[in-house]
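Engineer: Whatever this is, show me its structure:
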Amino acid sequence: MKSIIAFFSRHIPRHIQQKIAHLILIVLSPFYRGNKFEDPVDGNTYRKLLPYGQLNKRLNALAPLSMSLERHRLIWLYLQNKTNFFITPIRFLHVAPEYCYLRKFKKMPHLDYVTGDLISPWADVKMDVHDIPFNENEFDAAMCNHVFEHVEDDHKAMTEFFRVLKPGGWAIFQVPIDTSREETYEDASITDPQEREKLFWQHDHVRLYGNDYGKRLSAAGFRVVESDYVSEIGNELATRYALPKGELIYICHKPLNN
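Structural biologist: Below is the predicted model:
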(Lines give C-alpha, C1' and ligand atoms only; values in the text may rest on other atoms or scores of the structure.)
Protein backbone atom coordinates (compact mmCIF):
# COMPACT_ATOMS: atom_id res chain seq x y z
CA MET A 1 0.00 0.00 0.00
CA LYS A 2 2.81 2.45 0.87
CA SER A 3 4.43 1.86 -2.54
CA ILE A 4 1.12 2.54 -4.28
CA ILE A 5 0.65 5.79 -2.36
CA ALA A 6 4.25 6.83 -3.09
CA PHE A 7 3.79 6.16 -6.82
CA PHE A 8 0.52 8.11 -6.82
CA SER A 9 2.06 11.12 -5.08
CA ARG A 10 5.18 11.20 -7.24
CA HIS A 11 3.81 10.45 -10.71
CA ILE A 12 0.20 11.68 -10.84
CA PRO A 13 -0.18 15.45 -11.49
CA ARG A 14 -1.11 17.29 -8.32
CA HIS A 15 -4.31 18.81 -9.68
CA ILE A 16 -5.57 15.32 -10.55
CA GLN A 17 -4.56 14.06 -7.09
CA GLN A 18 -6.53 16.88 -5.51
CA LYS A 19 -9.62 16.27 -7.63
CA ILE A 20 -9.66 12.55 -6.87
CA ALA A 21 -8.99 13.19 -3.19
CA HIS A 22 -11.79 15.75 -3.00
CA LEU A 23 -14.33 13.32 -4.46
CA ILE A 24 -13.25 10.65 -1.96
CA LEU A 25 -13.44 13.10 0.94
CA ILE A 26 -16.94 14.25 0.01
CA VAL A 27 -18.05 10.63 0.35
CA LEU A 28 -16.21 10.21 3.66
CA SER A 29 -17.12 13.58 5.21
CA PRO A 30 -20.38 12.44 6.94
CA PHE A 31 -18.28 10.08 9.08
CA TYR A 32 -16.26 13.04 10.37
CA ARG A 33 -19.16 15.31 11.30
CA GLY A 34 -19.11 16.73 14.80
CA ASN A 35 -18.35 19.92 16.68
CA LYS A 36 -14.82 19.60 18.07
CA PHE A 37 -13.05 21.28 15.12
CA GLU A 38 -14.15 24.11 12.85
CA ASP A 39 -12.90 24.95 9.38
CA PRO A 40 -13.06 28.76 9.01
CA VAL A 41 -12.73 28.50 5.23
CA ASP A 42 -16.22 27.05 4.78
CA GLY A 43 -17.67 27.00 8.29
CA ASN A 44 -18.07 23.22 8.52
CA THR A 45 -17.43 21.46 11.82
CA TYR A 46 -16.04 18.00 12.53
CA ARG A 47 -15.45 15.56 15.37
CA LYS A 48 -11.98 15.04 13.89
CA LEU A 49 -9.97 15.96 10.82
CA LEU A 50 -7.89 13.73 8.59
CA PRO A 51 -4.16 13.07 9.10
CA TYR A 52 -1.74 14.46 6.54
CA GLY A 53 1.99 14.38 5.77
CA GLN A 54 4.52 12.23 3.95
CA LEU A 55 7.33 11.74 6.47
CA ASN A 56 5.57 12.63 9.70
CA LYS A 57 1.81 12.36 9.57
CA ARG A 58 0.05 15.16 11.42
CA LEU A 59 -3.22 14.31 13.16
CA ASN A 60 -6.27 16.53 12.60
CA ALA A 61 -4.66 18.32 9.67
CA LEU A 62 -6.96 18.11 6.62
CA ALA A 63 -10.57 19.34 6.60
CA PRO A 64 -12.57 16.90 4.43
CA LEU A 65 -14.84 19.25 2.49
CA SER A 66 -12.69 22.31 1.78
CA MET A 67 -9.42 20.29 1.78
CA SER A 68 -7.81 23.03 3.86
CA LEU A 69 -4.67 22.22 5.83
CA GLU A 70 -3.49 23.94 9.00
CA ARG A 71 -1.58 26.65 7.11
CA HIS A 72 -4.58 27.38 4.85
CA ARG A 73 -6.87 27.94 7.82
CA LEU A 74 -4.26 30.15 9.47
CA ILE A 75 -3.83 32.32 6.37
CA TRP A 76 -7.60 32.56 5.87
CA LEU A 77 -8.05 33.87 9.40
CA TYR A 78 -5.16 36.30 9.01
CA LEU A 79 -6.59 37.67 5.74
CA GLN A 80 -10.02 37.95 7.32
CA ASN A 81 -8.99 39.63 10.55
CA LYS A 82 -5.78 41.53 9.79
CA THR A 83 -6.07 42.75 6.17
CA ASN A 84 -8.50 44.46 3.80
CA PHE A 85 -8.55 41.38 1.56
CA PHE A 86 -12.26 40.60 1.96
CA ILE A 87 -13.61 44.15 1.67
CA THR A 88 -11.41 46.34 -0.56
CA PRO A 89 -11.12 46.07 -4.36
CA ILE A 90 -7.63 44.78 -5.12
CA ARG A 91 -5.81 43.22 -8.03
CA PHE A 92 -4.55 39.95 -6.60
CA LEU A 93 -1.99 37.52 -8.02
CA HIS A 94 -2.28 33.99 -6.64
CA VAL A 95 0.44 31.60 -7.80
CA ALA A 96 0.01 27.85 -7.28
CA PRO A 97 -3.58 28.48 -6.13
CA GLU A 98 -4.68 26.15 -3.35
CA TYR A 99 -7.80 24.14 -3.99
CA CYS A 100 -9.47 25.29 -0.79
CA TYR A 101 -9.14 28.97 -1.77
CA LEU A 102 -9.67 28.86 -5.51
CA ARG A 103 -13.46 28.64 -5.70
CA LYS A 104 -13.93 31.02 -2.78
CA PHE A 105 -11.71 33.74 -4.20
CA LYS A 106 -13.23 33.48 -7.68
CA LYS A 107 -16.64 34.31 -6.24
CA MET A 108 -15.47 37.53 -4.56
CA PRO A 109 -16.66 40.36 -6.86
CA HIS A 110 -14.28 42.94 -5.42
CA LEU A 111 -11.19 40.87 -6.31
CA ASP A 112 -9.49 41.26 -9.67
CA TYR A 113 -8.26 37.71 -9.23
CA VAL A 114 -5.43 36.34 -11.37
CA THR A 115 -4.08 32.82 -10.88
CA GLY A 116 -0.82 31.45 -12.23
CA ASP A 117 0.95 28.10 -12.25
CA LEU A 118 3.49 26.23 -14.34
CA ILE A 119 1.43 23.03 -14.55
CA SER A 120 -2.06 23.27 -13.09
CA PRO A 121 -4.90 23.67 -15.63
CA TRP A 122 -6.90 25.53 -12.95
CA ALA A 123 -4.63 28.56 -13.27
CA ASP A 124 -5.48 31.44 -15.60
CA VAL A 125 -1.90 31.93 -16.73
CA LYS A 126 0.82 29.37 -17.34
CA MET A 127 3.87 30.91 -15.76
CA ASP A 128 7.26 30.31 -14.20
CA VAL A 129 7.97 32.30 -11.04
CA HIS A 130 11.49 32.94 -12.32
CA ASP A 131 9.93 35.09 -15.06
CA ILE A 132 6.48 36.34 -14.08
CA PRO A 133 4.73 37.56 -17.28
CA PHE A 134 3.30 40.81 -15.91
CA ASN A 135 4.41 44.42 -15.85
CA GLU A 136 6.08 46.16 -12.95
CA ASN A 137 3.84 47.59 -10.23
CA GLU A 138 0.73 45.75 -11.45
CA PHE A 139 -0.71 44.00 -8.37
CA ASP A 140 -1.95 45.25 -5.02
CA ALA A 141 -1.32 41.90 -3.35
CA ALA A 142 0.03 38.43 -4.06
CA MET A 143 0.24 35.01 -2.50
CA CYS A 144 2.46 32.05 -3.31
CA ASN A 145 2.75 29.29 -0.73
CA HIS A 146 4.99 26.22 -0.60
CA VAL A 147 6.61 27.01 -3.95
CA PHE A 148 10.02 28.56 -3.23
CA GLU A 149 11.33 25.27 -1.85
CA HIS A 150 10.73 23.75 -5.31
CA VAL A 151 12.39 26.34 -7.55
CA GLU A 152 15.97 26.49 -8.77
CA ASP A 153 16.59 30.15 -7.88
CA ASP A 154 14.37 31.31 -5.04
CA HIS A 155 15.97 34.77 -4.90
CA LYS A 156 15.06 35.39 -8.54
CA ALA A 157 11.49 34.25 -7.88
CA MET A 158 11.22 36.54 -4.85
CA THR A 159 12.49 39.54 -6.81
CA GLU A 160 9.98 38.81 -9.55
CA PHE A 161 7.12 39.07 -7.07
CA PHE A 162 8.66 42.28 -5.73
CA ARG A 163 8.77 43.66 -9.27
CA VAL A 164 5.10 43.04 -10.12
CA LEU A 165 3.74 44.36 -6.80
CA LYS A 166 2.73 48.00 -6.60
CA PRO A 167 4.59 50.21 -4.10
CA GLY A 168 2.70 49.73 -0.86
CA GLY A 169 1.53 46.29 -1.96
CA TRP A 170 1.85 43.18 0.17
CA ALA A 171 2.29 39.45 -0.25
CA ILE A 172 2.26 36.24 1.77
CA PHE A 173 4.87 33.57 1.00
CA GLN A 174 4.78 30.50 3.24
CA VAL A 175 7.32 27.66 3.02
CA PRO A 176 8.22 24.63 5.14
CA ILE A 177 10.74 25.72 7.77
CA ASP A 178 12.98 23.64 10.00
CA THR A 179 13.12 25.87 13.06
CA SER A 180 16.06 23.88 14.42
CA ARG A 181 18.18 25.31 11.57
CA GLU A 182 19.51 28.84 11.68
CA GLU A 183 20.35 28.79 7.97
CA THR A 184 18.64 27.35 4.92
CA TYR A 185 20.15 24.11 3.68
CA GLU A 186 20.49 23.44 -0.03
CA ASP A 187 22.74 21.26 -2.16
CA ALA A 188 22.09 21.09 -5.90
CA SER A 189 24.15 17.91 -6.20
CA ILE A 190 21.47 15.97 -4.29
CA THR A 191 19.17 14.62 -7.00
CA ASP A 192 18.08 11.24 -5.66
CA PRO A 193 14.36 11.52 -4.71
CA GLN A 194 14.69 9.42 -1.58
CA GLU A 195 17.68 11.43 -0.38
CA ARG A 196 15.84 14.67 -1.10
CA GLU A 197 12.84 13.43 0.85
CA LYS A 198 15.10 12.64 3.79
CA LEU A 199 17.04 15.91 3.75
CA PHE A 200 14.50 18.39 2.36
CA TRP A 201 11.28 16.75 3.68
CA GLN A 202 9.89 16.01 0.20
CA HIS A 203 11.28 14.39 -2.93
CA ASP A 204 10.60 17.44 -5.13
CA HIS A 205 12.10 20.01 -2.74
CA VAL A 206 15.52 21.47 -3.53
CA ARG A 207 16.15 23.18 -0.18
CA LEU A 208 15.04 23.20 3.43
CA TYR A 209 14.51 26.67 4.86
CA GLY A 210 15.78 27.69 8.26
CA ASN A 211 15.18 30.64 10.55
CA ASP A 212 16.89 32.90 8.00
CA TYR A 213 13.87 32.73 5.66
CA GLY A 214 12.74 36.24 6.56
CA LYS A 215 16.21 37.59 5.76
CA ARG A 216 16.11 35.91 2.34
CA LEU A 217 12.81 37.67 1.61
CA SER A 218 14.27 40.97 2.81
CA ALA A 219 17.20 40.50 0.42
CA ALA A 220 14.68 40.65 -2.45
CA GLY A 221 13.63 44.13 -1.32
CA PHE A 222 10.66 43.39 0.93
CA ARG A 223 9.98 44.78 4.37
CA VAL A 224 9.12 41.56 6.16
CA VAL A 225 6.83 41.12 9.15
CA GLU A 226 7.01 37.73 10.85
CA SER A 227 3.61 37.38 12.49
CA ASP A 228 3.01 34.83 15.24
CA TYR A 229 -0.71 35.02 14.60
CA VAL A 230 -1.39 31.59 16.12
CA SER A 231 -0.29 32.90 19.52
CA GLU A 232 -2.34 36.06 19.01
CA ILE A 233 -5.46 33.96 18.40
CA GLY A 234 -4.92 32.04 21.62
CA ASN A 235 -4.84 28.36 22.50
CA GLU A 236 -8.59 27.78 22.56
CA LEU A 237 -9.24 29.04 19.03
CA ALA A 238 -5.96 27.60 17.74
CA THR A 239 -7.16 24.19 18.87
CA ARG A 240 -10.68 24.77 17.56
CA TYR A 241 -9.38 25.65 14.08
CA ALA A 242 -6.56 23.08 14.23
CA LEU A 243 -3.90 25.67 13.44
CA PRO A 244 -0.16 25.02 13.04
CA LYS A 245 1.28 26.02 16.39
CA GLY A 246 4.66 27.66 16.00
CA GLU A 247 4.21 28.63 12.34
CA LEU A 248 4.90 32.27 11.53
CA ILE A 249 3.14 34.10 8.72
CA TYR A 250 5.57 35.98 6.48
CA ILE A 251 3.92 39.22 5.32
CA CYS A 252 6.06 40.97 2.76
CA HIS A 253 5.53 44.67 2.01
CA LYS A 254 6.89 46.56 -0.98
CA PRO A 255 7.97 50.01 0.30
CA LEU A 256 6.00 53.00 -0.95
CA ASN A 257 9.16 54.87 -1.94
CA ASN A 258 10.45 52.05 -4.15
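Engineer: element containing Arg73, please.
Structural biologist: Applying DSSP states H and E as the criterion places Arg73 in helix 70-82.
Engineer: after that helix, next one along is what?
Structural biologist: Per DSSP H and E, the first helix or strand lying C-terminal to helix 70-82 is strand 90-95.
Engineer: quick one on the thing from earlier: mind listing what's buried along the helix holding Arg73?
Structural biologist: Residues of helix 70-82 classed as buried by neighbour count (16 or more other C-beta atoms under 10 Å): Glu70, Arg71, His72, Arg73, Leu74, Ile75, Trp76, Leu77, Tyr78, Leu79. The C-beta positions use only the backbone N, C-alpha and C, and glycine is treated the same way.
Engineer: any idea which of those residues is closest to Asn35?
Structural biologist: Minimum distance to Asn35 across these is 16.3 Å, recorded for Arg73 (C-beta to C-beta).
Engineer: Distance of that closest one relative to Leu62?
Structural biologist: Distance, Arg73 to Leu62, using C-beta to C-beta, to the nearest Å: 10 Å.
Engineer: now Gln202
Structural biologist: As judged by C-beta to C-beta, Gln202 and Leu62 stand 16 Å apart.
Engineer: Quick check: end-to-end length of stretch 230-237?
Structural biologist: End-to-end distance for stretch 230-237, by C-alpha to C-alpha, to the nearest Å: 9 Å.
Engineer: So which residues lie in contact with it, not counting its own?
Structural biologist: Outside stretch 230-237, the residues that touch it by C-beta atoms under 8 Å, 6 or more residues apart in numbering are Leu74, Leu77, Ala238, Tyr241, Leu243, Pro244, Lys245, Gly246, Glu247.
Engineer: Check stretch 42-55 too.
Structural biologist: Applying C-beta under 8 Å, 6+ apart, the contact partners of stretch 42-55 are 9, 25, 29, 32-39, 57-66, 68-69, 104, 197, 201-202, 242.
Engineer: now the residues you listed: which count as buried?
Structural biologist: Looks like the contacts of stretch 42-55 have 25, 32, 37-39, 60-66, 68-69, 197, 201-202, 242 buried, using 16+ other C-beta under 10 Å.
Engineer: out of everything not next to it in sequence, what's closest to Ile251?
Structural biologist: Among residues not flanking Ile251 along the chain, Val225 sits closest, at 4.5 Å (C-beta to C-beta, 6 or more residues apart in numbering).
Engineer: my guess is the one you found is in a helix, correct?
Structural biologist: No - counting by DSSP: H, G, I helix; E, B strand; the rest coil, Val225 is not found in a helix; it is strand.
Engineer: Pretty sure it sits against His253.
Structural biologist: Yes - counting by C-beta atoms under 8 Å, His253 is a contact partner of Val225 at 7.2 Å.
Engineer: which of the two has more neighbours?
Structural biologist: A count of neighbours by other C-beta atoms under 10 Å puts His253 above the other of Val225 and His253, at 16 against 13.
Engineer: Who are the contact partners of the more buried one?
Structural biologist: Counting by C-beta under 8 Å, 6+ apart, His253 touches Gly168, Gly169, Trp170, Phe222, Arg223, Val224, Val225.
Engineer: Quick check: which element contains Lys198?
Structural biologist: With elements taken from DSSP H and E, the one containing Lys198 is helix 193-200.
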